[in-house]
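> build me a model:
(one chain, ligands or ions: 1)
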Amino acid sequence: MDYPLLDQIKGPEDVKRLHTDEIPALCAELRQKVIQTVSSNGGHLASNLGAVELTVALHRVFSSPKDQIVWDVGHQSYVHKLLTGRMHEFASIRQLNGISGFPQIGESVHDPYGAGHSSTSISAAAGLAAAKRMRGEDGFAIAVVGDGALTGGLAFEGINNAGRAPENLIIVLNDNKMSISKNVGAIARYLMVIRSKPIYFKIKDIAEVILAHLPFFGKKIRTALVLSKNAVKNYLYHSTIFEEMGLIYLGPVDGHDTEAVERLLNRAKKVGRPALVHVLTVKGKGYPFAEQNPGAYHGVSRFHVETGTALVPVSHETFSAVFGRTLCLAASNNPNICAITAAMTSGTGLTDFSKQYKDRFFDVGIAEEHAVVFSAGLAANGMLPVFAVYSTFLQRAYDQIVHDVALQNLKVIFAIDRAGLVGEDGQTHQGILDVAFLNTIPKMTVYSPSTADELSNDLLAAFYEIDGPVAVRYPKGTTPALPKDYCPTYRHYDLYGSGQADILIVTYGRLFAEAVRAANRLRAEGLSVSVLKLNRIKPIDEVCFETAMFFSQIYFVEEGMRSGGVGELFCARMAERGFAGQFTVAAIEDRFVQHGSVKELLALLQLDAKGIAERVRRGNSKYPHRLHAEERLPI
Ligand SMILES: Cc1ncc(C[n+]2csc(CCOP(=O)(O)OP(=O)(O)O)c2C)c(N)n1
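Predicted structure coming up:
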C-alpha cells in the first residue's frame, strides 16, 4: 500500500505545511492506514475513522508538543500517533514491545497525558493548562472528549471547574451520538437538541462575530448582554449548558469539514476564555461496514478488510456469553433480577437481556460509580441487581462498593468480566487489581470460576445461597482446554490429583488450566504433584488449608497482584496453622503489565504452564528446600 503524503509526515509541522487541497488525500491515506493496520492487529477502528479530519485540523491549528492534546479514553488516538512521528512503528501497535493502543506519557513528547479509562481528559487538561500558566509557559491544553465520555461523572467534575480555568484550556467535544453503542441519558438528549438547531447557532454565531468586530460599542453591548437578565441575553449568551458553566461555546461544526473545524479551533484560541468546541462526526466514517454498524466495529479483533468479517471466529461460547445466557435464564424465574451496565451492553454479554427484559435493564452510561450506588438502591428496596462490569473499570467504584454496598450489607452481585490479563489493550485495561481490592472489603464473597459451567453455577449460588454482596469474576475469552481426567465438583474448591503427593500447586480462575498442564509435565518427569483449584476465593474454605497441610511444598500461582492477593493470604493462614514446608507465591509483582497477547504476557510473567513448571523445578533441583530469593515469602 502506498502512502505518498503520509510518508512525508515526520511530525505535526509537516501537517501544517500541506496545502489545503492536499488534506482530503491525506485523510484518505490515514483512513487506509488505520483500516489496514487494525485489520491485522485488532484494535479500535470506528472511533479512529470518525476522528481523522478532526485530528488533522487539531495538528494544523495547534503546535504539539507546545500545545498539549489530551485524548479522552485515548482509543481514538491512532491518527494522532500517525501524525506525530509514529508512522513507522504503527505496524507494531498493541503488540508486545510495540507502541501502545492508547496515549502514553513516555512513548512520545506528543502524548502529554496517558489514558485508557474514560472521562479524565477535561480535568487533566485543566491541570496541564494551570501548570503552564504558573510556570509561565506558552501553549494550550486541549481536551478531546467524546459524547460518550461526557456521560462519566468525572467529566462533569472537570467541566464544573473548567469555567474558572485559564484561557489556554480548550475542550473539543467530539460528538458522534455514540458511546460504544448508542449513547444514553439526558446529556445525549441535550446534545441532540443542540444538533437540531444549526440555524439558531449560526445566527448566534454571526451576532457574536458582528459584536466582536464593532469597535468600542461591540464590546459594551456584549458585556451588557452578558450581565443582563433579559430574554435577548438568554438567546445570545448562556444558551447552552456549557455557557452556563462558564465556557465559551463554539459550534456545532461538521467534523469532517477540516477547514470549518480549523476555523472554529482558531476562534477558540482567540476568545480569551476557556472554550468548548462542539464537533459533529460520524463514527466509522469511510469504511462502510463500520459506518453502518459502528458499535460492532468499535473494538475489533483481526478481520478481512473486504468482507469486514473476523479472521479468527470465536469457536466456543465466551464467558461473557455464558454469563448473559445464565442471567436471562435466572431472570425468567425471578422477577427481581435486574442487570446494570456502564455503557458495556455488548461487551459484557447483556444484549439479549436488554431486549428480553427491557424494564429490568439499565445502561447508565460510562458511570461506574453511579452504577454501583444505583444497584445498592435497587437492592435496598428488594430487587436483585447484577452489575456487569470489566474488572479494570470497577476500580473507580471502590468507595461505592465499600460505603454503599458492603457496609450496608446490600445484596448486589458484581459480574466482573475481563478479570485477569486482557492482552492487547495493555496496562490501563489489565484486570489484575480486583482480587486485591475486593480482598480488603468485609462481607464480600468472591468467586473466580475456571470454566463457563462453573461460572453459571457460581452465579446461581450468588443469587440463592449467599447473603450480602457477591462478586463473580471471570476472564476474557472461552473456557481453556482441560484434561479429560478432571472431574469438576462445583464446590468451593477441587483437588486435581492425589492428596498424598509432595507438591501442591494452588490456583484459581484461568490459571487452573495452566497449572494442570504444568502438573502433568512434572509428573511425567517423576515429581509427585497435585493441583488445588479454588472456586470461591473469599472466604476460602477451611478444608483447603487442611488439605494443603498434607503437602511439603506449595506453589501458589495467581493472575493478579501479589500484594493483597489470595496467595499471600493463603500463605499467612498456612503459617498460622504451623505449616513447616516450603511456600512460594508466583503472582504479578509490584508492576503494571504492558500490552501483548494474553499468551505472551502469561509467558513473560512465568505464569503459563511452562513458567509454573519451571518454578517448581527450580524449587526442587539443587536446593530442594530453598527458593529463589525474590520468590520466597517468609512464613
Ligand atoms: C471508565 C471506563 N468505562 C468504560 C470504558 C470502555 N469504553 C471505551 S470507549 C467507550 C465509549 C466512548 O465513547 P465516546 O467518548 O463517545 O467516544 P467514541 O468512541 O464514540 O469516539 C467506552 C464505554 C472505558 N474506557 N472507561
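> hey, let's count contacts and neighbours off CA atoms from now on
Noted.
> for stretch 463-477, what is the distance to the chain centroid?
Offset of stretch 463-477 from its chain centre (Cα atoms, centre = their mean, to the nearest Å): 21 Å.
> that one spans what distance, first to last residue?
End-to-end distance of stretch 463-477: 24 Å, with Cα to Cα, to the nearest Å as the criterion.
> flag every buried residue along it.
463, 468-477 (16 or more other Cα atoms under 10 Å).
> now the two most distant members of those residues.
Largest separation among these by Cα to Cα: G468 and G477, giving 28.4 Å.
> re the thing from before, which ones among the buried residues of stretch 463-477 map onto strands?
Of the buried residues of stretch 463-477, the ones assigned to strands by DSSP state E are 470-473.
> between the buried residues of stretch 463-477, which is nearest the ligand?
For the buried residues of stretch 463-477, the closest approach to the ligand (Cα to the nearest ligand atom) belongs to K476, at 14.5 Å.
> residue contacts, that closest one?
318-320, 417-419, 422 (Cα atoms under 8 Å, 6 or more residues apart in numbering).
> among the helices and strands of this protein, which has the poorest mean pLDDT?
The helix or strand of the chain with the lowest confidence, counting by mean pLDDT, DSSP states H and E, is helix 231-236 at a mean of 56.
> is it true that S552 touches D502?
Yes. Using Cα atoms under 8 Å, S552 is in contact with D502, at 5.4 Å.
> which parts of the stretch 251-400 of the chain sit against the ligand?
343-344, 366, 393 (Cα under 6 Å from any ligand atom).
> how about those residues in CSV, adding secondary structure, neighbour count and distance to A126?
Compiled in CSV, these are given as follows (DSSP: H, G, I helix; E, B strand; the rest coil; neighbours: other Cα atoms under 10 Å; distance: Cα to Cα, whole Å):
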residue, secondary structure, neighbour count, distance to A126
A343, coil, 25, 25
M344, coil, 21, 28
I366, coil, 27, 21
F393, helix, 24, 23
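> would you map the strands across the stretch 251-400 of the chain?
275-280, 299-300, 337-341, 361-363, 384-390 (DSSP state E, counting those that start in this stretch).
> how about the stretch 1-150 of the chain?
Using DSSP E, counting those that start in this stretch, the strands of the stretch 1-150 of the chain run over residues 43-44, 68-71, 141-146.
> of all those, which one is nearest the ligand?
strand 141-146 (3.3 Å).
> off-centre distance for that closest one?
Relative to its chain's centre, strand 141-146 lies at 18 Å (Cα atoms, centre = their mean).
> counting by contacts, list what that strand packs against.
Secondary-structure packing of strand 141-146 (3 or more Cα pairs under 8 Å, 6 or more residues apart in numbering; DSSP states H and E): strand 68-71, helix 121-134, strand 169-175.
> neighbouring contacts of it?
Against strand 141-146 from outside (Cα under 8 Å, 6+ apart): 67-72, 119, 121-122, 124-126, 128-129, 168-176, 179.
> of those, which are in range of the ligand?
Applying Cα under 6 Å from any ligand atom to the contacts of strand 141-146, one finds that 176, 179 fall near the ligand.
> who's in contact with K66?
138-140.
> which positions in this protein make contact with the ligand?
So the chain meets the ligand at 47, 73, 116-118, 145-149, 176, 178-180, 343-344, 366, 393 (Cα under 6 Å from any ligand atom).
> go with 5 Å
Contacts of the chain with the ligand, taken as Cα under 5 Å from any ligand atom, map to 47, 117-118, 146-149, 178-180, 343, 393.
> can you put these in TSV and add pLDDT and distance to D352?
Listed next are those as TSV, based on pLDDT from 0 to 100; distance: Cα to Cα, whole Å:
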residue	pLDDT	distance to D352
S47	98	25
H117	98	26
S118	98	25
G146	98	26
D147	97	25
G148	97	22
A149	97	25
M178	91	20
S179	91	19
I180	90	17
A343	97	15
F393	98	22
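> mind checking which of those are in helices?
Counting by DSSP state H, the part of those found in helices is 47, 393.
> for the residues of the chain next to the ligand, pick the one with the most neighbours.
When the residues of the chain next to the ligand are compared by neighbour count (other Cα atoms under 10 Å), S47 ends up highest, at 30 neighbours.
> now the longest strand seen in the chain: mean pLDDT?
If you go by DSSP E, the chain has its longest strand at strand 553-561. Across strand 553-561, pLDDT averages out at 98.
> I appreciate the help and will end here.
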